[in-house]
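**Q** kindly return the folded structure for what I paste below:
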Amino acid sequence: MYNNLEELISHPVFYYFAEISKIPRGSGNEKSISDYLVRFAQDRDLDVVQDKSMNVIIKKAATEGYSHSPTVIIQGHMDMVCEKNQGTNHDFEKDPLQLRIIGDMLYATDTTLGADNGIAVAYALALLDSNDIPHPALEVVITTEEETTMKGALAVDAAHFNGKILINIDSEEDGKLLVSSAGGVRVVQKLPIKWDNVSQDKVTYCVSIKGLKGGHSGISIDKGRGNSNKLLGRLLHDLTSEFSCFIQQISGGLKSNAIPREAEAIILFQSDDLGKITERIELWDQTFKTELQISDPGISVSIEKREIASSKVLSKVTANKAISSLLLIPDGVQGMSMGIEGLVESSTNLGFVSTNESEIAFVSEIRSSVKSVKSYMVNQAKLIANLLECEVTIDSDYPEWPYNPKSKVMKLFEETYQEKYGKNIEVIAVHAGIECGVFIEKIPGLDAVSIGPDIFHVHTPEEHVSIPSTINNWEYFIYTLKRMKDFYGEQQLNEE
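**A** Take a look at the predicted model:
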């Protein structure tokens, strides 16, 4: 076992993971990490392409004896979700991650770790840097903005590739082989604001919901965790119905693809109502603690005085529409798969709410493994927006990855796992966006699988990765590359 970081980085995968953890790489801020990958390839005389979207494609020739094996595309993404604990002094635009080991797990300090998907980048770099790992010709593609729009993968030019086999390294469960994923789309509902002014005798308070676990809006959507934006809608509906209470601002969450952990509203009211409103907040605190006692026992609802001089508030009509949006926009699991037990088929997540001078934005992530259902859910979102007289935009649309029961690379990974460990690997589908679907649309006949180590609490500051699992998965990965020469030779003879 590795007891400290110095020992850990003696392993090539963790060496490169530590190196890229020094480089800011939040979605949309990938130039530095993209340039690092280009320099890495150039320093090793490898063919490299950096496109306009900052995607990087690195090619390495087959090792001795593998020149007749089919070319393999290795794929992951360089960006990460940037979340931190409240009060943490970390600037994701410039500060390196502070890695730490707890037991056999690797964490960052009070921030997301970026194992999603830095592990893929580390695997790729360790493989490209090696001179003693047998492998076919490699085409490594590391994409940008996967966590937000999949813009990088969508922009990749398929003409760069000769390979018809794709190994994606963006899965998060060791001992499981991912062979299908959901498609998704982002829906942004914008409510135009009409402002009113209230009398200067009002007091200003902030109502906050905190302490929720959050998590990935695909992987964790079936865990029954609270959505702070939806809970805030319930609370505000009650306060504005029972008291002469005005709303100045609503905000919650950080990303459409992360279940929001915190939300708050700035409210104004008569000081005489403070006692009753505080009692009502305490009642909601107990209500939410009861409802979420299993999934989110740490939830808290609080009210705190704010020194804000402005008397400008949302008009009554705007406030009603804002609260209605919080209550009516669908959230959570919308349907389960009838073909794969326990798999979420369709869901939506109201992940981000923000207020500016002109509008309130409600940003949702819709996912489904069935294209027609995804389309239905988008139409439903449009109808809700129209009823509430909101503008709506649809973007970041990416395709699902359909299951292929005749996949050869799936069979290869199943066989090599049985050979190496003496047991069957579990073949799974996942309710999350994986870039395999994009590449399958771009490259006709592409055969794909996805693997990865055990990563926990992705998209939250509690994200951590299992060190033994990362090493185990790496050894499985390179063992399978080694077996490709014999496997595809045998497959060709069988077909003939």
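
**Q** what residue spans form the domains of the protein?
**A** 5-171+434-495, 185-398 (automatic domain parsing).

**Q** format those domains as TSV; extra columns: mean pLDDT and distance to residue 408.
**A** (Each C-beta comes from the backbone N, C-alpha and C, glycine too.) TSV is the format used below for those (pLDDT from 0 to 100; distance: least, Cβ to Cβ, whole Å):
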stretch	mean pLDDT	distance to residue 408
domain 5-171+434-495	95	6
domain 185-398	95	21
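
**Q** now these in a markdown table, with distance to residue 416 and mean neighbour count?
**A** Converted to a markdown table, the domains of the chain look like this (distance: least, Cβ to Cβ, whole Å; neighbours: other Cβ atoms under 10 Å):
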| stretch | distance to residue 416 | mean neighbour count |
| --- | --- | --- |
| domain 5-171+434-495 | 4 | 19 |
| domain 185-398 | 23 | 18 |
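
**Q** a markdown table for these, including distance to residue 421?
**A** Listed next are the domains of the chain as a markdown table, based on distance: least, Cβ to Cβ, whole Å:
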| stretch | distance to residue 421 |
| --- | --- |
| domain 5-171+434-495 | 8 |
| domain 185-398 | 23 |
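
**Q** quick one: which of these is nearest residue 417?
**A** With Cβ to Cβ as the criterion, residue 417 lies closest to domain 5-171+434-495 of the domains of the chain, at 6.7 Å.

**Q** and residue 6, how far is that from residue 14?
**A** Distance, residue 6 to residue 14, using Cβ to Cβ, to the nearest Å: 11 Å.

**Q** and residue 24, by the same measure?
**A** Residue 24 is 19 Å from residue 14, where distance means Cβ to Cβ.

**Q** ok, the nearest residue to residue 235 once chain neighbours are set aside - contacts?
**A** Closest residue to residue 235 apart from its sequence neighbours, by Cβ to Cβ, 6 or more residues apart in numbering: residue 284 at 5.2 Å. By Cβ atoms under 8 Å, 6 or more residues apart in numbering, residue 284 lies in contact with 234, 235, 238, 301.

**Q** how about the first one: what's its closest non-neighbour residue?
**A** Sequence neighbours aside, residue 327 is the residue nearest to residue 234 in space, at 7.0 Å (criterion: Cβ to Cβ, 6+ apart).

**Q** what backbone torsions are found at that neighbour?
**A** In terms of degrees, to the nearest 10, the main-chain angles of residue 327 are phi -80, psi -40.

**Q** wouldn't it be in contact with residue 238 here?
**A** No: taking contacts as Cβ atoms under 8 Å, residue 327 lies outside contact range of residue 238: 11.1 Å.

**Q** can you give me the helices for this structure?
**A** With helices called from DSSP state H, the chain shows them at 5-8, 12-20, 31-43, 115-129, 151-155, 228-242, 274-291, 316-328, 371-387, 408-421, 436-442, 467-495.

**Q** how about the ones you listed, which one is nearest residue 138?
**A** helix 115-129 (7.2 Å).
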